[in-house]
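# What would the 3D arrangement of this be:
(chains A, B and C)
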Amino acid sequence: MDTSYRVAELATQFQLRLHGDGAVRITGVNTLAKATPSQVAFIASASYLPQLAATRAGAVVLDAGHLAACPRPALVAANPHAAFARIAALFEHAAPVVPGIHASAVIAASAEVDATASVGPGCVVGERVRIGAGVVLGPHCILGDDCSVGAGTRLVARVTLVTRVHLGARVLIHPGAVLGADGFGLAFERDHWLKVPQLGGVRVGDDCEIGANTTIDRGALEDTVLEEDVRLDNLIQIAHNVHIGAHTAMAGCAAVAGSARIGRYCMIGGNAGVLGHLELADRVTITAKSLVTHSIREPGEYSSGVPLQDNRHWRRNAARFKHLDEFARRLSAIEKDRNNE
Amino acid sequence: MDTSYRVAELATQFQLRLHGDGAVRITGVNTLAKATPSQVAFIASASYLPQLAATRAGAVVLDAGHLAACPRPALVAANPHAAFARIAALFEHAAPVVPGIHASAVIAASAEVDATASVGPGCVVGERVRIGAGVVLGPHCILGDDCSVGAGTRLVARVTLVTRVHLGARVLIHPGAVLGADGFGLAFERDHWLKVPQLGGVRVGDDCEIGANTTIDRGALEDTVLEEDVRLDNLIQIAHNVHIGAHTAMAGCAAVAGSARIGRYCMIGGNAGVLGHLELADRVTITAKSLVTHSIREPGEYSSGVPLQDNRHWRRNAARFKHLDEFARRLSAIEKDRNNE
Amino acid sequence: MDTSYRVAELATQFQLRLHGDGAVRITGVNTLAKATPSQVAFIASASYLPQLAATRAGAVVLDAGHLAACPRPALVAANPHAAFARIAALFEHAAPVVPGIHASAVIAASAEVDATASVGPGCVVGERVRIGAGVVLGPHCILGDDCSVGAGTRLVARVTLVTRVHLGARVLIHPGAVLGADGFGLAFERDHWLKVPQLGGVRVGDDCEIGANTTIDRGALEDTVLEEDVRLDNLIQIAHNVHIGAHTAMAGCAAVAGSARIGRYCMIGGNAGVLGHLELADRVTITAKSLVTHSIREPGEYSSGVPLQDNRHWRRNAARFKHLDEFARRLSAIEKDRNNE
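Model prediction:
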């Protein structure tokens, strides 16, 4: 029952231009370097041209510009990465989902679980939770009171929705993610901290993906919001009342502080941070490990940080950083002097 | 059975000075911008004066300095944020806690669980664990051998105490937190790593709060310690043998390396780091993403990092950083030359 | 049934040179400052010489160079830290492991669990999983389809292996770790993100240790790989297709982006980052919070970042950073001018 497709069938199905032998049977995908004659590969960028020249792949998905360099059957795509993703999906064999509620799951009396949903072992579902059609709750998911899960959404395993978390359709959440925990709201009173109640929730739009062990706190008064198609990698922290625009993607270990508002189509690099109450326009890119300390009104790429060096040279330069203001004054003094000469 | 209070009642209960109509019925709290005439709002800082001018709130909690600008009934407070937190708490409706041990929980024979405690579905409680009065263990909490949990402490869900973790009273721990895992202790032996046994525990004082997916390792020989009222946000890493003074707060993704000692009333910004074996005095503030590389003996605010710029300008400046030591020498050479002229 | 050893027995067992009274009975280990006459301590570095002078320990593990300064019986070791680790292990009392599968565990029909393995409460084991001899799965571990766990490996509690994760022998994984979640693979298509299937797995070599809440994604086409004896602390992010060489250690909150290749015997500091597709040679050390933005071909220590200062001075210097390129030009202009004079 192995799946296989002729190259010509792939061309037709995904509207790609076939170049070369379309009769080859394809049973999977692989890298240019490792693909066998029954696997499809793709070339992501010109840096892989040596691997393209040597590939044994049954077909290569590529941009028209790389066609001449391809020694094997080719599938020409306007967007090779996307076309390859669609072909690869043909060979992704997920276990079939069996609707129903596992005997070990604990479901509150007032929860509504669609008959086509699958609720795995050890799941705990609270009061007034609504679970839509085709939803998959993998093992050990915990949904606190007053949450809702849209149709076709999948919580892979061990995802926790604390309370008042509302997920759209086709959302995918990876293990260990925690949505809807208390925002970090504290008021200082004389000599100790007083907890500020977190009365809001979390709203996640359709087609979002949330990585393993990522945390998204619920809002203090209003909701924390992810619009549709937001893509969060692992170990990301989204604080209370943050609002993230549609189609924005964040790499691992990024963090956004409370009430920040991120635009649409932004790209936040790994371990980058955004301070609280800031606003980022649409189509802003922040490079890895940068800290955003002021609002950004214009699309574009922004960065902070200093370059990596061997430790001996870095130490010397870093020590001088502490005198940068003094250097600037000394430089100005020399210039002023010279102008007066 | 909706809760409601007259504004005058709130004034009396929280010892606030009422200004304007005290008869208004209040059923909740909200932001200045969104509050209805039956909700209380508050003004946190002067930057919200435009929202204050336009608010429809039933009453506004504010500092006396903002009273003149308030178009609605006001509750004047010395500490508006704290007063608002106390009012908001009236409208936080947590599900009632039902004492008892869920049928699916697995409790070791030698564990002692107070009759007023609530142990949720799937909890696993090890040997010699003691669970105090009114404790709530939400679903799927795992308490390894020799842990203790003080009265009124709540583990929201899916919290793991590995072993020898001792929690004070009224501690709140959010889902995914792991306390008492092995510290990262390794000895290098010829050509490989040798694990160093982690024989200590973790002690957490009264009224601490620990965020989602935060990790606090147990000590190697002595305990890792949080004094009372320490507040940790999400995804924080506290290494073995760290000692954190009372009332210190840390924002998300902060990290403290082994055996560091943090004072009382410190504020550690998001994603800030403290290297191992350092000491921070009381009332030290570290701004976001800074790295503390030496002990700090004086209270005050400390920072590292460079400012965010658009990538094109940042690249130019960052490239020059690698020559900072050389620039300093060239600057000094010019000055010396000029002095000799 | 308390364990005790005479100092002379320890010397023999671990091939240490005894100096002083070997008859003392030892029942545990502790720090120099706190050790009682029936406990062994060790001196890690010369900075602890004051504690050595005052210690009451029953014996001190030390380097020959510190022998003269030791007032108590001594065990001279070539590698005191390693010798102490081995002695400490004698006093680590783990609960005995009881083979067998807990009644509440859910095991797929096609899974093979060795009769000597222990599977704890709430574990969920998927299809075609193989669990080797002496394996311990603590409470609530979830192993998805097609995983394997080598002999003597221990998953402390609440570890998730999503799918196609293969662990070697004697691996130790702490609570909350997630291995084998989808890599963060996205193709941008017109106006939205398209998910790229993640068809690879994760392979972890013998004797690796993986910290609490650390995440290791599975590969897109090939596997994500940790060779043997890799040591990862807590809250680390390893992206898809990363390859980590044997004996490399990473401190908490480090992150490695996709397809990076880290050498053997590397040391990655806390919260350091490595960008995608880079290569690091063997024996590279990266200091805490540094960002690796280019491949490193030579062993050695590398750093980025700027020093911590009090906020007032830091602000002045940081503001000047934005003009560093301009300063460099002005400095060159002065030099050129002077050469022309």
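
# Please parse chain A into its domains.
Per automatic domain parsing, the structural domains of chain A span A:5-89, A:100-302, A:311-340.

# Could you identify which of the ones you listed is most buried?
Of all the domains of chain A, domain A:100-302 has the most neighbours on average by mean count of other Cβ atoms under 10 Å in any protein chain shown, namely a mean of 23. In this view, the C-beta of every residue, glycine as well, is placed from N, C-alpha and C.

# Is chain C within reach of that one?
Yes. On the criterion Cβ under 8 Å from any Cβ of the partner chain, domain A:100-302 is in touch with chain C at A:102, A:104, A:120-122, A:138-140, A:156-158, A:172, A:174-176, A:207, A:209, A:211-213, A:229, A:231, A:233-235, A:247, A:249, A:251-253, A:270-271, A:288-289.

# give me the subset of those touching chain B.
Filtering these for neighbours of chain B using Cβ under 8 Å from any Cβ leaves A:104, A:122, A:140, A:158, A:176, A:213, A:235, A:253, A:271.

# helix or strand for the fourth one, which one?
By that I understand A:Arg158. Assigned by DSSP states H and E, A:Arg158 belongs to neither a helix nor a strand.

# picking that back up, for the domains of chain A, give me TSV that also has mean pLDDT.
As requested, the domains of chain A are arranged in TSV below (pLDDT from 0 to 100):
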stretch	mean pLDDT
domain A:5-89	96
domain A:100-302	98
domain A:311-340	93
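
# Of the ones you listed, give the one that comes closest to B:Gly65.
Across these, B:Gly65 has its closest neighbour in domain A:100-302 (17.8 Å, Cβ to Cβ).

# Between the two ends of the closest one, what distance do you get?
By Cα to Cα, to the nearest Å, the extent of domain A:100-302 from end to end equals 48 Å.

# repeat for stretch A:165-176
16 Å.

# That stretch: how far from the chain's middle?
Using Cα atoms, centre = their mean, to the nearest Å, the distance from the centre of stretch A:165-176 to the centre of the chain it belongs to is 12 Å.

# Also stretch A:319-336?
Mean-position distance between stretch A:319-336 and its chain equals 43 Å (Cα atoms, centre = their mean).

# Stretch A:186-195 too?
When distances are taken as Cα atoms, centre = their mean, stretch A:186-195 is centred 35 Å away from the chain's centroid.

# Just the terminal-to-terminal distance for that stretch.
In stretch A:186-195, first residue to last residue: 5 Å (Cα to Cα).

# repeat for stretch A:233-252
With Cα to Cα as the measure, stretch A:233-252 spans 5 Å from end to end.

# Equivalent analysis for stretch A:157-175, please.
With Cα to Cα as the measure, stretch A:157-175 spans 5 Å from end to end.

# Could you count how many residues lie near A:Thr3?
A:Thr3 is flanked by 11 other residues according to other Cβ atoms under 10 Å in any protein chain shown.

# Revised request: answer the last question for A:Ser4.
Counted with other Cβ under 10 Å, the burial measure for A:Ser4 works out to 12 neighbours.

# Wait, it touches A:Arg25, no?
Yes. With the criterion set as Cβ atoms under 8 Å, A:Ser4 and A:Arg25 qualify as a contacting pair; they are 4.9 Å apart.

# Wait, A:Ala177 touches A:Asn213, no?
Yes. Here A:Ala177 reaches A:Asn213: they are 6.5 Å apart, a contact under Cβ under 8 Å.

# Near chain B, which residues of the stretch 1-150 of chain A are found?
Residues of the stretch 1-150 of chain A lying near chain B (Cβ under 8 Å from any Cβ): A:104, A:106, A:122, A:124, A:126-127, A:140, A:142, A:144-145.

# Farthest-apart pair in the residues you listed, please.
Checking those against each other with Cβ to Cβ, the farthest-apart pair comes out as A:Ser104 and A:Asp145, at 20.3 Å.

# Adding secondary structure, write the ones next to chain B among the residues of domain A:100-302 next to chain C out as JSON lines.
Listed next are those as JSON lines, based on DSSP: H, G, I helix; E, B strand; the rest coil:
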{"residue": "A:Ser104", "secondary structure": "coil"}
{"residue": "A:Gly122", "secondary structure": "coil"}
{"residue": "A:His140", "secondary structure": "coil"}
{"residue": "A:Arg158", "secondary structure": "coil"}
{"residue": "A:Gly176", "secondary structure": "coil"}
{"residue": "A:Asn213", "secondary structure": "coil"}
{"residue": "A:Leu235", "secondary structure": "coil"}
{"residue": "A:Cys253", "secondary structure": "coil"}
{"residue": "A:Asn271", "secondary structure": "coil"}
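
# The residue nearest to A:Asp206 when sequence neighbours are not counted: what's it in contact with?
What sits nearest to A:Asp206 in space, not counting adjacent residues and going by Cβ to Cβ, 6 or more residues apart in numbering or on different chains, is A:Gly168, at 3.8 Å. By Cβ atoms under 8 Å, 6 or more residues apart in numbering or on different chains, the residues touching A:Gly168 are A:150, A:153, A:204-208, A:228.

# what's the answer for A:Ala328, then?
So, once contact is read as Cβ under 8 Å, 6+ apart, A:Ala328 ends up touching C:320, C:323, C:327.

# Provide the secondary structure category for the nearest residue to the second one once chain neighbours are set aside.
Pointing back at C:His323 there. When the adjacent residues along the chain are set aside, C:His323 lies closest to A:Ala328, with 7.0 Å between them (Cβ to Cβ, 6+ apart). When states are read from three-state DSSP, the local structure at A:Ala328 comes out as helix.

# Roughly how far does A:Ala328 sit from chain B?
A:Ala328 is 10 Å from chain B, where distance means Cβ to the nearest Cβ, to the nearest Å.

# The residues of domain A:100-302 next to chain C in strands, which ones?
Of these, the ones assigned to strands by DSSP state E are A:172, A:209, A:231, A:249.

# A:Asn339: what secondary structure?
On the three-state scheme (three-state DSSP), A:Asn339 is labelled helix.

# circling back: which of the contacts of A:Ala328 sits closest to C:Leu194?
Nearest to C:Leu194, judged by Cβ to Cβ, of the contacts of A:Ala328 is C:His323 at 42.6 Å.

# Would you confirm that that closest one contacts B:Asn317?
Yes. When contacts are counted by Cβ under 8 Å, C:His323 is listed as touching B:Asn317 (7.5 Å).

# need the contact list for A:Ala260.
A:239, A:242-243, A:274-280.

# switch to 10 Å and redo it
A:238-239, A:241-244, A:273-280, A:292, A:295 (Cβ atoms under 10 Å, 6 or more residues apart in numbering or on different chains).

# now swap in A:Gln198 and tell me
When the contact criterion is Cβ under 10 Å, 6+ apart, the partners of A:Gln198 are A:162-164, A:180-185, A:217-221, A:224, A:240-241, B:88, B:92.

# Show only the entries of these found in strands.
Where the contacts of A:Gln198 overlap with strands, as defined by DSSP E, the overlap consists of A:180-181, A:217, A:224.

# biggest separation within the residues you listed, which pair?
For these, the maximum inter-member distance is 10.4 Å, found between A:Ala181 and A:Thr224 (Cβ to Cβ).

# and for the two, which residues touch both?
Common neighbours of A:Ala181 and A:Thr224, using Cβ under 10 Å, 6+ apart, are A:165, A:198, A:202, A:216-218, A:240.

# for the residues you listed, which one is nearest chain B?
Of all these, chain B sits closest to A:Asp217, with 6.9 Å by Cβ to the nearest Cβ.

# Identify the residues contacting the closest one.
Neighbour list for A:Asp217: A:162, A:178-185, A:198, A:200, A:202, A:224, A:237-242, A:258, B:174, B:211-212, B:233-234, B:252 [criterion: Cβ under 10 Å, 6+ apart].

# let's see 8 Å
The contact partners of A:Asp217, by Cβ under 8 Å, 6+ apart, come to A:180-184, A:198, A:202, A:224, A:238-240, B:212, B:234.
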